[in-house]
Structure formats: structure tokens, C-alpha cells
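This is the structure alone, sequence omitted:
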């Protein structure tokens with residue numbers, strides 16, 4: 001399995017983590033609840049994600065893309081995990097198309113765009129933004145950048161097409177990385 005595929009899988013399964021990201025929140029609650037399930041820092045992204053009722057679409061897409069093994073690997077990965085409601089914002093038929101086995105390349109491209117190599121916390125994003133005029137930029141496993149900026153007490157992520165997502169839960173620690181839950185699917 002390629003490195004890019006591995007990182008994509010990590011992004012998709014990472015949607016099961018939680019802690020609200022604010023200007024001063026860098027520590028996740030111990031075993032935070034995401035989608036009605038406790039998230040354990042001793043478990044990997046996949047082991048936690050499959051238990052979140054809010055990330056069933058993400059988990060299905062990760063499985064369809066063949067990224068389960070990648071996101072179960074040591075990493076570390078930082079995953080910006082869209083919720084089911086985020087996938088629900090996509091045009092009609094998009095989600096059905098993404099989870100079809102014949103369309104493996106499409107979910108892989110989108111999912112790897114939600115994964116950044118390494119373990120990047122909310123404090124690290126805030127520090128980089130402070131040092132760069134209020135904007136932090138990280139390159140995804142997919143190869144294109146994501147830009148982060150503060151909005152009120154929270155943070156937004158802007159994709160290559162100008163779309164944006166709010167980080168609703170930050171710093172959900174995993175044994176192989178960290179998950180930040182987002183409310184919109186990002187597009188490369």
C-alpha cells in the first residue's frame with residue numbers, strides 16, 4: 001500500500017475524535033465522547049472511528065478506498081474528520097458514488113486531502129498561524145495545502161477551492177495520531 005493511500009485512510013477513519021478547538025485548547029479530555037462513543041488514546045484511528053455514530057459515512061468511505069490498514073498503521077497522522085452531516089452537505093449522489101468499490105480513486109483523493117503527516121495539535125496550528133500573519137498552512141498527504149485561520153474563538157480550515165470547514169472538536173488523541181472533527185468535507 002502506498003504512503004499516500006495510508007495517509008488517506010488515516011484521514012477518513014479519524015473522524016471519531018473529539019474536543020472543541022478554541023484559541024487555548026490543546027489538551028483533549030481523557031477519553032472524549034465522539035458520536036456517542038468514548039475515544040481512547042490507546043487505540044488507533046480505525047479502532048476508535050468504527051464506534052462513532054457520527055462518522056459512519058467516513059468509515060464506509062475509508063473501507064471503500066481500501067485505507068483501513070493504512071489508518072491502522074503506526075503513523076502518526078493528523079486527520080480532519082468530516083461528520084455524517086458534513087457528507088450530507090455534498091451534492092445528491094456524491095456519497096453513494098464515493099463508497100462504490102469501482103470508484104476507489106475518488107474517495108482516496110478526497111480522503112487523503114483530509115490527512116496531514118505527523119501529530120499536529122491545536123496549539124501547534126495556533127503557533128504557526130501566529131508566526132505567519134494569522135494563517136497556518138500544512139500540506140496534506142494528497143499533496144495540496146490546507147490553510148487554517150482563527151474565526152472568533154474557533155478555527156476554520158480552507159481548502160484549495162476556497163471552501164471552508166469549522167473545527168468542531170480538536171485534539172482527539174489516538175495511538176497513531178490526532179483527530180480534529182470538522183463540519184464540512186474539504187475538496188482538493
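Cool, got the structure. Just so you know, these numbers come straight off a predicted model, no measurement behind them. Numbering: from 1, shown residues only.

okay, CA-based contacts and neighbour counts for the rest of this
OK.

what about the strands in the protein?
Secondary structure of the chain, counting by DSSP state E: strands at 33-34, 37-38, 77-82, 115-117, 135-139, 145-151, 154-158, 164-174, 177-182.

Which neighbours in the sheet does the fifth one have, and how are they oriented?
In the sheet containing strand 135-139, the strands it pairs with under DSSP bridges are strand 145-151 (antiparallel).

Identify the residues contacting the strand it pairs with?
Residues outside strand 145-151 that contact it (Cα atoms under 8 Å, 6 or more residues apart in numbering) are 23, 125, 129, 134-140, 155-160.

Mean confidence (pLDDT) on it, please.
Strand 145-151 shows a mean pLDDT of 97 in the predicted model.

what ranges do the helices span in this protein?
Secondary structure of the chain, counting by DSSP state H: helices at 3-13, 45-49, 56-64, 68-72, 84-88, 94-98, 105-112, 122-131.

do you know which of the ones you listed lies nearest residue 30?
Taking Cα to Cα, helix 45-49 is the member of these nearest to residue 30, at 13.7 Å.

Give me the buried positions along the closest one.
The neighbour-count check on helix 45-49 (16 or more other Cα atoms under 10 Å) flags 45-49 as buried.
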